[in-house]
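**Q** Show me how the following folds:
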Amino acid sequence: MAKLGDICKIQSGGTPSRAESTYWNNGGIPWVKISDIKDKYLNNTEEHITEAGLKNSSAKIFPAGTILYTIFATLGETCILNIDASTNQAIAGIQIESNLVFKDYLYYYLLSQKNAVSQMGRGVAQNNINMKMLKEFEIPLPPMEEQRRISALLDKVSDLIAKRRAQLDKLDLLVKSRFVEMFGDPVINPYGWDTSDLINLGECKNGMNFHTDDSGVVIHCLGVGDFKDLSLIEDTSKLPTISLNEMPSDDYLLANGDIVFVRSNGNKALVGRSVAVYPNDIPTTFSGFCIRFRIQNPAILPSYLLRVLKTDSMRKKMAGRGANIQNLNQKILAELRIPIPGLALQEEYELFIKKIDKSKLTVQRSLDKLETLKKALMQQYFG
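**A** From the prediction side, this is the model:
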């Protein structure tokens, strides 16, 4: 075992000036934000800072090969720089100064500790860990040959996971492309379909507000955290449960084909996200941060309407109001103009979607197994 601070040089990023727009451009020094840390290797960034901007800040340039590690708000995200880059104080740069540890092995060790670090860093206002805590991390150090073997095995599993995710992305792109080919952009409506306000196609209902001390009835509940990147939820028995004083009225129980929207959230990117739900016989309600839309017009199918509502152009139409927390409301939804092509064309698209969903299910099952395997291997090697 060795302490991270004994085998590595560890420095935090710095605080740049956002007041001077001239400090930021597309051709300067790559500037890493937490949102850039997604994969094992970081090859590019969304933002770039100029040399003048860097000089007028406390930031520094980390060389390629540095391991970046998030220490504020979102904890434990990690990557290896493939480029020289600078970053802010929410991210630490870790540079190995010992021949006792293999860089890829250290990357996977740090990645394996994400949940433990999140528990450790719970602060009053924001999750954080300080540099002293980071330097005290104890790293198990088997022989270098064993470190390389562990890293190579985890690389293989990670590569397979990346390929499965890429397959899912391609299938999602195919769904979007087919929609545009058959129906065009729903806001532009290039094929001149008849249109209707969404309110004339069904009715909206805000979700339930409940209290932690309610008891008596346990029921599954769809919340904002359950949307993820899903388009369809068929097994609501996997959703979390809540306790209520009494069974909700039918208006608050989801029915097959209901479309549920994220109504309010601190993350603006989530507001307006939608999912179709098919609870069948499982009583399921939805949280107060959501809006449910129930189709009452036979001229439109849930599968088609869901794809209309998921298009980028329609998401922009439903962009809500609010300074810190963006909100979507029933009035915004009611006024959305929805193109209504013939039922035969909608049914054709629905059949196409079902075929794609079968392919996605196969890939997703493989992905789930690989992610379970990766977690098991990391638990085995790192505890």
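
**Q** pLDDT at the closest residue in space to Val32 that isn't next to it in sequence, what is it?
**A** Distances taken as C-beta to C-beta, 6 or more residues apart in numbering place Thr87 nearest to Val32, at 4.0 Å, with adjacent residues excluded. Every residue, glycine included, has its C-beta placed from N, CA and C. Confidence at Thr87, expressed as pLDDT, is 91.

**Q** burial count for Thr87?
**A** Look at Thr87: counted by other C-beta atoms under 10 Å, it has 30 neighbours.

**Q** Ile161 and Phe137: what is the separation?
**A** From Ile161 across to Phe137, the span is 25 Å (C-beta to C-beta, to the nearest Å).

**Q** Of the two, which one has the most company?
**A** Phe137 (21 against 16).

**Q** List the residues that contact that one.
**A** Each residue near Phe137 by C-beta atoms under 8 Å, 6 or more residues apart in numbering is listed here: Lys3, Leu4, Leu110, Gln113.

**Q** Just put the residues you listed in TSV and tack on neighbour count, secondary structure and pLDDT.
**A** TSV is the format used below for the contacts of Phe137 (neighbours: other C-beta atoms under 10 Å; DSSP: H, G, I helix; E, B strand; the rest coil; pLDDT from 0 to 100):
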residue	neighbour count	secondary structure	pLDDT
Lys3	12	strand	93
Leu4	21	helix	92
Leu110	23	helix	94
Gln113	19	coil	89
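
**Q** and of those residues, the nearest to Arg165?
**A** Leu110 (21.2 Å; C-beta to C-beta).

**Q** Which residue is the nearest non-sequential neighbour of the closest one?
**A** Thr78 (4.7 Å).

**Q** Equivalent analysis for Lys360, please.
**A** Leu171 (5.2 Å).

**Q** check which helix or strand covers that neighbour.
**A** Per DSSP states H and E: Leu171 is located in helix 144-183.

**Q** Equivalent analysis for Pro190, please.
**A** Using DSSP H and E, Pro190 sits in no helix or strand.

**Q** So it is in contact with Val180, correct?
**A** No. Contact status for Pro190 versus Val180: not in contact, 9.5 Å apart, counting by C-beta atoms under 8 Å.

**Q** Report the contact partners of the residue nearest to Lys360.
**A** Ile356, Ser359, Lys360, Val363.

**Q** Which pLDDT value does the model give the first one?
**A** If you check Ile356, the pLDDT there is 93.

**Q** how near is it to Arg165?
**A** Ile356 sits 16 Å away from Arg165, going by C-beta to C-beta.

**Q** Same check on the last one?
**A** Val363 is 9 Å from Arg165, where distance means C-beta to C-beta.

**Q** what residues do the two have in common as contacts?
**A** If you check Val363 and Arg165 against C-beta under 8 Å, 6+ apart, no residue is contacted by both.

**Q** which SS class is the nearest residue to Gln330 once chain neighbours are set aside?
**A** Using C-beta to C-beta, 6+ apart and skipping residues adjacent in sequence, the residue nearest Gln330 is Cys204, 4.5 Å away. Of the three states, Cys204 takes strand under DSSP: H, G, I helix; E, B strand; the rest coil.

**Q** Touching, Cys204 and Ala334? I think so.
**A** Yes. With contact defined as C-beta under 8 Å, Cys204 counts as touching Ala334 (6.9 Å).

**Q** between these two, what contacts are shared?
**A** Looking at what touches both Cys204 and Ala334 (by C-beta under 8 Å, 6+ apart), there is no common residue.

**Q** of the two, who's got more company?
**A** Taking other C-beta under 10 Å, Cys204 and Ala334 do not tie; Cys204 has more neighbours (18 against 15).

**Q** Return the per-residue confidence for that one.
**A** Predicted confidence (pLDDT) for Cys204: 94.

**Q** For it, list each beta-bridge partner.
**A** Phe293 (DSSP bridges).

**Q** The nearest residue to Asp185 once chain neighbours are set aside: which element?
**A** The spatially closest residue to Asp185, leaving aside those adjacent along the chain, is Ser313, at 5.4 Å (C-beta to C-beta, 6+ apart). Applying DSSP H and E as the criterion places Ser313 in helix 312-317.

**Q** which helices and strands does the lengthiest strand in the chain pack with?
**A** Ranked by number of residues, the top strand in the chain under DSSP state E is strand 24-32. If you count contacts as 3 or more C-beta pairs under 8 Å, 6 or more residues apart in numbering; DSSP states H and E, strand 24-32 packs onto strand 47-49, helix 51-55, strand 85-87.
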